[in-house]
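Trainee: Sequence first, predicted coordinates after that:
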Protein chains: 2
Amino acid sequence: MGATYEAAGVSIDAGEEAVRRIGDLVRSTTRPEVIGGIGGFGGLFALGDRFSDPVLVSTTDGVGTKAMVATAVGRYDTIGIDLVAMCVDDLICQGAEPLFFLDYISIGRLDPDHVTSLVAGVAEGCRQAGCALVGGEMAEHPGAMEPGEFDLVGFAVGAVERSRIIDGSAVTPGDVLIGLSSPGLRSNGYSLARHVLFELAGRSVDDPAWDGHDAPSVGDELLVPSVIYAPAVRALLDEVEVHAIAHVTGGGLAGNLVRVLPEGARAVVDRSSWEPPRIFGEIQRLGEVSDDEMAKVFNLGIGLVIAVPAEAAGHTLDVVAAAGRRGQVIGDVVVGERGVRWR
Amino acid sequence: MGATYEAAGVSIDAGEEAVRRIGDLVRSTTRPEVIGGIGGFGGLFALGDRFSDPVLVSTTDGVGTKAMVATAVGRYDTIGIDLVAMCVDDLICQGAEPLFFLDYISIGRLDPDHVTSLVAGVAEGCRQAGCALVGGEMAEHPGAMEPGEFDLVGFAVGAVERSRIIDGSAVTPGDVLIGLSSPGLRSNGYSLARHVLFELAGRSVDDPAWDGHDAPSVGDELLVPSVIYAPAVRALLDEVEVHAIAHVTGGGLAGNLVRVLPEGARAVVDRSSWEPPRIFGEIQRLGEVSDDEMAKVFNLGIGLVIAVPAEAAGHTLDVVAAAGRRGQVIGDVVVGERGVRWR
């Protein structure tokens, strides 16, 4: 009996079984532009003639070590939502409509149940974002990863009319900054959160996240799925002259907002204008993390910042509320050195 | 002194340093359609009006555990070529022109030298394929990965005129199968190759790959970069009526060729029509791997199969040769049950 792929830790059969089981999930995300079924070498999407001068906008991202929390809790069906959020909410910063999505799963041991749960989350995220899941790859990495360990990577493509690209150049002193609420960490800062909660404070995922008999578990709190802002922003783009959109990911609010500010524009953000979700305070307290470090690593409760003319602020809040998102004015833009100042 | 991202194993500064250093590499791949520099939330690519009814074709893939061989050898600047090959040579199976590419690197410890080498390979692959590197993500996964350990994931997007999509439906009995040579394993079968060479046979990456004083090392042989077939296929599509293209990846020649065969078409492949590179024979011998298993796991020296009308075979071989690729007739298509038969 010679060496086989199976003996080397790779199961082609388990891969094929997983592919069969994710078919319905994939089909649940389809759009009229998608051509053909699954199984081709590439995903096909007919752009059609909706755009007269289409610019394709593409993004890639992962879920970082939030995957390790999912493994520790044993819950795999929501982290795909985080993955889609990370990618499509980067797309919409340029004003693009999310069109399609691909996912890549690397995993120590290809268990069809495990993989199907991961893809179920991705499909749920795609349905929320309105984009089609057109392709994906599952890679079994025996030796490189423990059996239950995985990584999840996403790739999103959207399109925007060239004349409607949003790049922040329209930002003007007097603009108002609207922050959209994030109920949790999204997918950033998990290495610090895990370090503080699990290593320094010795918590387990089953411990309560804070004092009080109605406190969620640390695991539940850390796995709160990311809000997908794309539909609310898409609705807004039809209604309001949006000057800039910044997705708050690694680098925090200031680190991302500065990326869309033109020279001569200074954002002033009022930290007291919103209440960060409780988990951030717990992490800061238990790890004695400085305010600066907290603000660089975490979203602190604001996942997306939108700059609009002051007179459009009220309508902006109405439109995002109608799309189910909570927003608030968190600051404004003044004349000054390009950058972000906390107030 | 409170907890910091740095203490948790994540260095934002090292990430920023790496981003600075890869700027020139990214720019070396640009195309006229690319808008803006790096640093935006998404990569922008203006499709223009070259396509009257554009269909976007997208693929994702990784390099599997070839990454572990690169780490063992300490050579990081070619595996990005493999990554691009895996993705764009899936694209071209549908007749698409590769347009742009994104990469995702996860790594235990973000060392700017290490990451820059990885991206240098990706950029080299993109230049070879003619596609622009428009985005990427670097994720540091302390705890989940050892410092030198990494994974590399790619995403490619191409476009094809809807009327020119290749899906295998044109394959007819009488068609000839042209195989394009692969000098090594590309990026498939590394879990079996590593199992046989390192575990069963006890070889190290520095040992000779086979007997003889001019033998390359096992590491060199396993890291031979994948050929990127896209430019040769693009040239061919302008010259010859191509009926089907199959990229030989996981599942081997038969497992991939069958994907593009219509009902009633049976491919007959003559195994004696080409000589597999020596490394495959060594793996088979040392692991006592069966012929069937070898053929399911490895490309065995044929990385891409193209079905063309018999009368176009000679011209096909000329065109791919002019593009620098070696091809040969490896079989034909007969009337029969959909599938692949070895002769």
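Mentor: Everything's here; your move. Remember, predicted model here, so these are calculated numbers, not experimental data.
Trainee: So which bits of stretch A:126-146 are buried?
Mentor: With burial defined by 16 or more other Cβ atoms under 10 Å in any protein chain shown, the residues of stretch A:126-146 counted as buried are A:126-145. C-beta coordinates here come from the backbone N, C-alpha and C atoms, glycine included.
Trainee: my bad, should have said stretch A:283-301
Mentor: Neighbour counts over stretch A:283-301 (16+ other Cβ under 10 Å) mark A:283-284, A:286-287, A:289, A:293-301 as buried.
Trainee: before we move on, the earlier item: could you list which of the buried residues of stretch A:126-146 also contact chain B?
Mentor: Filtering the buried residues of stretch A:126-146 for neighbours of chain B using Cβ under 8 Å from any Cβ of the partner chain leaves A:134, A:135, A:136, A:137, A:139, A:140, A:141, A:142, A:143, A:144.
Trainee: If we go by neighbour counts, what in stretch A:255-266 is buried?
Mentor: Buried, per 16+ other Cβ under 10 Å, within stretch A:255-266: A:255, A:256, A:257, A:258, A:259, A:260, A:261, A:265, A:266.
Trainee: how about the buried residues of stretch A:283-301 in a markdown table, adding secondary structure and pLDDT?
Mentor: Shown next, in a markdown table, are these (DSSP: H, G, I helix; E, B strand; the rest coil; pLDDT from 0 to 100):
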| residue | secondary structure | pLDDT |
| --- | --- | --- |
| A:283 | helix | 98 |
| A:284 | helix | 98 |
| A:286 | helix | 97 |
| A:287 | helix | 97 |
| A:289 | coil | 97 |
| A:293 | helix | 95 |
| A:294 | helix | 96 |
| A:295 | helix | 95 |
| A:296 | helix | 94 |
| A:297 | helix | 94 |
| A:298 | coil | 97 |
| A:299 | coil | 97 |
| A:300 | coil | 97 |
| A:301 | coil | 98 |
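Trainee: quick check, nearest of those to chain B?
Mentor: residue A:287 (3.4 Å; Cβ to the nearest Cβ).
Trainee: tell me the contacts of the closest one?
Mentor: A:192, A:195, A:196, A:200, A:201, B:2, B:3 (Cβ atoms under 8 Å, 6 or more residues apart in numbering or on different chains).
Trainee: Who wins on neighbours among those residues?
Mentor: Among the contacts of residue A:287, the one with the most neighbours (other Cβ atoms under 10 Å in any protein chain shown) is residue A:192, at 27 neighbours.
Trainee: what helix or strand does it sit in?
Mentor: helix A:190-194 (DSSP states H and E).
Trainee: CA atoms only: put the very next helix or strand once past that helix into PDB for me.
Mentor: Scanning forward in sequence from helix A:190-194 by DSSP H and E, the next helix or strand is helix A:218-222. The C-alpha trace of helix A:218-222 is given here as PDB (Å, rounded to 0.1, in the frame of the first residue of the first chain):
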ATOM      1  CA  VAL A 218     -16.800  36.500  26.300                       C
ATOM      2  CA  GLY A 219     -17.200  34.200  23.300                       C
ATOM      3  CA  ASP A 220     -20.600  35.500  22.300                       C
ATOM      4  CA  GLU A 221     -19.500  39.100  22.700                       C
ATOM      5  CA  LEU A 222     -16.400  38.700  20.600                       C
END
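Trainee: any residues touching helix A:218-222, and which ones?
Mentor: Helix A:218-222 is contacted from outside by A:66, A:69, A:72-73, A:75, A:184-185, A:190, A:193, A:197, A:203-209, A:279, using Cβ under 8 Å, 6+ apart.
Trainee: Select only the buried ones of those in PyMOL?
Mentor: This is how PyMOL selects the buried members of these, with burial counted by 16+ other Cβ under 10 Å:
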select buried, chain A and resi 66+69+72+73+75+184+185+190+193+197+203+205+209+279
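Trainee: what sits against the nearest residue to residue A:337 once chain neighbours are set aside?
Mentor: Nearest non-adjacent residue to residue A:337, counting by Cβ to Cβ, 6 or more residues apart in numbering or on different chains: residue A:266, 5.9 Å away. Going by Cβ under 8 Å, 6+ apart, residue A:266 touches A:333, A:334, A:335, A:336, A:337, A:338, A:339, A:340, A:341.
Trainee: With neighbour count and secondary structure as extra columns, can I get these in CSV?
Mentor: Compiled in CSV, the contacts of residue A:266 are given as follows (neighbours: other Cβ atoms under 10 Å in any protein chain shown; DSSP: H, G, I helix; E, B strand; the rest coil):
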residue, neighbour count, secondary structure
A:333, 24, strand
A:334, 14, strand
A:335, 10, strand
A:336, 13, coil
A:337, 10, coil
A:338, 13, coil
A:339, 13, strand
A:340, 21, strand
A:341, 13, strand
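Trainee: And the furthest pair within those?
Mentor: A:335 and A:340 (14.3 Å; Cβ to Cβ).
Trainee: Report the rounded mean pLDDT for stretch A:61-76.
Mentor: The average of the pLDDT scores along stretch A:61-76 is 94.
Trainee: for the helix ranked longest in chain A, packing partners?
Mentor: For chain A, the helix with the greatest residue count under DSSP state H is helix A:112-129. Packing partners of helix A:112-129 (3 or more Cβ pairs under 8 Å, 6 or more residues apart in numbering or on different chains; DSSP states H and E): helix A:12-27, helix A:79-91, strand A:97-107, strand A:132-140, strand A:150-161, helix A:230-237.
Trainee: and the second one, what does it pack onto?
Mentor: If contacts are counted by 3+ Cβ pairs under 8 Å, 6+ apart, helix A:79-91 sits against strand A:54-62, helix A:66-73, strand A:97-107, helix A:112-129, strand A:150-161, helix A:230-237.
Trainee: would CSV of the ones you listed with distance to residue B:242 be doable?
Mentor: Below are the helices and strands packed on helix A:79-91 laid out as CSV (distance: least, Cβ to Cβ, whole Å):
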stretch, distance to residue B:242
strand A:54-62, 26
helix A:66-73, 41
strand A:97-107, 25
helix A:112-129, 32
strand A:150-161, 26
helix A:230-237, 38
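Trainee: what are the bridge partners for the nearest residue to residue A:215 once chain neighbours are set aside, then?
Mentor: Nearest residue to residue A:215 in three dimensions, chain neighbours excluded: residue A:208, at 3.9 Å (Cβ to Cβ, 6+ apart). In this entry, residue A:208 is beta-bridged to residue A:217, by DSSP bridges.
Trainee: Quick check, residue A:208 in contact with residue A:197.
Mentor: No - look at residue A:208 against residue A:197 with Cβ atoms under 8 Å: they stay out of range, at 11.6 Å.
Trainee: Pull up the residues of the stretch 201-343 of chain A that are close to chain B.
Mentor: Listed as neighbours of chain B in the stretch 201-343 of chain A under the rule Cβ under 8 Å from any Cβ: A:246, A:247, A:250, A:251, A:259, A:287, A:288, A:289, A:290, A:293, A:296, A:297.
Trainee: possible to save those as CSV with distance to residue B:80?
Mentor: Supplementary listing: these in CSV, determined by distance: Cβ to Cβ, whole Å:
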residue, distance to residue B:80
A:246, 30
A:247, 27
A:250, 22
A:251, 25
A:259, 26
A:287, 36
A:288, 41
A:289, 36
A:290, 37
A:293, 33
A:296, 30
A:297, 29
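Trainee: Next one: the residue positioned nearest the centre of chain A from residue A:276, what distance?
Mentor: For chain A, the residue nearest the mean C-alpha position is residue A:86 (2.2 Å; Cα atoms, centre = their mean). Distance of residue A:86 to residue A:276, given as Cβ to Cβ, to the nearest Å: 20 Å.
Trainee: so who does residue A:316 touch?
Mentor: Counted by Cβ under 8 Å, 6+ apart, residue A:316 has contacts A:178, A:236, A:240, A:306, A:308, A:327.
Trainee: Run a quick check on residue A:142 versus residue A:10, I expect a contact.
Mentor: Yes - using Cβ under 8 Å, residue A:142 makes contact with residue A:10 at a distance of 6.3 Å.
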